[in-house]
Structures are given as C-alpha cells and as structure tokens.
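Sequence first, predicted coordinates after that:
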Amino acid sequence: LFIFTACEEDEAAPDEENEVEIITDVKLIFTPTNTLSGLATVEATAQDPDGEGVQELEVKDAITLAANASYRLTFEVMNNLESPGESIGEEIAEEDDEHQIFFGFTEGVFSNPTGNGNIDNASDPINYNDADGNGNPLGLNTTWTTGGPTTAASFTVRLQHQPDVKTSTSGSADGDTDFELLFRLTIE
C-alpha cells in the first residue's frame with residue numbers, strides 16, 4: 001500500500017499589472033449651468049479609430065463657448081473597438097484613486113478658474129466637482145465660467161494614470177499620460 005501526498009507550494013500571487021486603457025473616442029461636453037440662458041450644449045471630440053495602432057487621438061472639433069457664461073464640463077471616454085463600445089470613463093471613475101485630469105488654457109479666457117490651468121502647476125485653481133476616496137481631484141466633472149470674447153485661445157486636457165503615486169500634490173508629470181488633447185478655443 002502506497003500513500004501519495006501531494007504538496008502544493010504556496011505560490012505568491014503575481015503583482016497586478018496596470019492595464020492600459022484603449023481609448024478610441026473622447027468627447028468633451030460643456031453644458032450651460034443656467035438652463036434658462038438659452039445657450040446650447042457644446043461638444044468637442046477626438047478620435048483614434050485604430051486604438052493602440054499607428055494613429056493617435058486626433059482632435060476633430062474646436063470649442064466655441066459664449067462669453068461670460070458658466071458651463072459644467074463632463075467627459076465621454078470610450079473604447080469603440082469593442083462591440084458594443086466600452087465606457088472607459090466608467091473605468092476611470094471606478095479607478096479614481098489612480099487617475100486625474102489636468103487642464104491647461106490660454107491665460108485669462110476663464111474668469112473662474114483664473115490663470116492658465118494646472119498642467120504646469122498642480123496647485124493652480126481648477127473647479128473640480130469630483131474626487132477620489134481620499135479627497136483628491138478626479139476631473140470627469142468640472143465647472144468653468146468664461147471671460148470676454150477671444151478668438152485665439154487654446155484648451156488642453158491631459159488624463160494621467162497615476163497608480164500608487166496619486167496624492168494631493170501629485171502633478172501632471174506623475175504617472176503615465178493616457179491622453180493629452182489640445183483644442184482651439186473661441187469665446188464669443
């Protein structure tokens with residue numbers, strides 16, 4: 001009579017890898033905060049039809065906002081290589097402790113927030129309406145008030161993936177850039 005005993009080695013669980021999101025479509029949605037104003041919602045898009053292929057996200061639209069008006073900016077971020085399309089925005093929201101959207105814009109085009117954005121300096125003012133579980137900003141929902149008319153301005157959004165490095169002081173250079181989009185901005 002033989003007795004076999006199988007011994008299993010305790011295998012350490014492999015470190016979880018941070019999966020890179022495939023982003024094919026980004027839509028910025030500027031919704032007027034005063035619905036009685038008669039202002040229309042403004043959308044601007046960027047597309048990358050081949051996902052991780054040769055092409056990069058390409059800005060398709062300019063942004064045209066009304067002067068001296070307030071808007072709520074939200075995002076639709078998708079992977080449309082999947083059928084049906086996969087909402088990467090939902091994934092970003094679920095992993096809010098690993099992501100932050102930073103903004104850059106031409107000095108003075110907004111009366112609130114003031115300045116030129118927080119891409120160059122993370123402590124510069126941005127009106128974040130969302131945060132992760134630690135109270136650090138996310139950026140999928142922000143508020144903007146335009147200044148006076150201008151035709152030669154720009155608006156940049158940068159999504160940073162910051163696993164294990166996002167803090168209250170982390171900046172746009174910390175982590176990896178999922179996308180950075182530069183839009184032409186007109187205030188009329």
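Right, received. Where do you want to start? The model shown is predicted, which means the values in this text are computed figures rather than measured ones.

Mind pulling up the pLDDT for Glu11?
The model reports Glu11 with a pLDDT of 51.

cool, the one 3 residues further on as well?
In this model, Pro14 is scored at 45, pLDDT.

ok, now the one 4 residues further on?
The predicted local distance difference test score for Asn18 is 50.

ok, which stretches of the chain are strands?
For the chain, the strands defined by DSSP state E occupy 25-32, 42-47, 58-59, 63-65, 70-79, 86-87, 99-105, 110-112, 141-146, 150-161, 176-187.

Indicate which one of the ones you listed is closest to Ile119.
Within the strands of the chain, the stretch nearest Ile119 is strand 99-105; the backing value is 3.8 Å (C-beta to C-beta). C-beta coordinates here come from the backbone N, C-alpha and C atoms, glycine included.

angle of the closest one against strand 176-187?
30 degrees (axes from the mean of the first three to the mean of the last three C-alpha atoms, to 10 degrees).

Run through the neighbouring helices and strands of strand 99-105.
Counting contacts by 3 or more C-beta pairs under 8 Å, 6 or more residues apart in numbering; DSSP states H and E, strand 99-105 packs against strand 150-161.

If you count neighbours, what's buried in the strand it packs on?
Ala153, Phe155, Thr156, Val157, Arg158, Leu159, Gln160, His161 (16 or more other C-beta atoms under 10 Å).

With stretch 85-92 instead?
So, applying 16+ other C-beta under 10 Å, buried residues of stretch 85-92: Glu86, Ile88, Gly89, Ile92.

Ok, stretch 159-171 next?
Across stretch 159-171, burial judged by 16+ other C-beta under 10 Å covers Leu159, Gln160, His161, Gln162, Lys166, Gly171.

Show me which of the residues you listed is closest to Pro125.
Looking across the buried residues of stretch 159-171 and measuring by C-beta to C-beta, the closest to Pro125 is Gly171, at 14.3 Å.

and Ile88, what is it in contact with?
Glu21, Ile22, Ile23, Val77, Met78, Asn79 (C-beta atoms under 8 Å, 6 or more residues apart in numbering).
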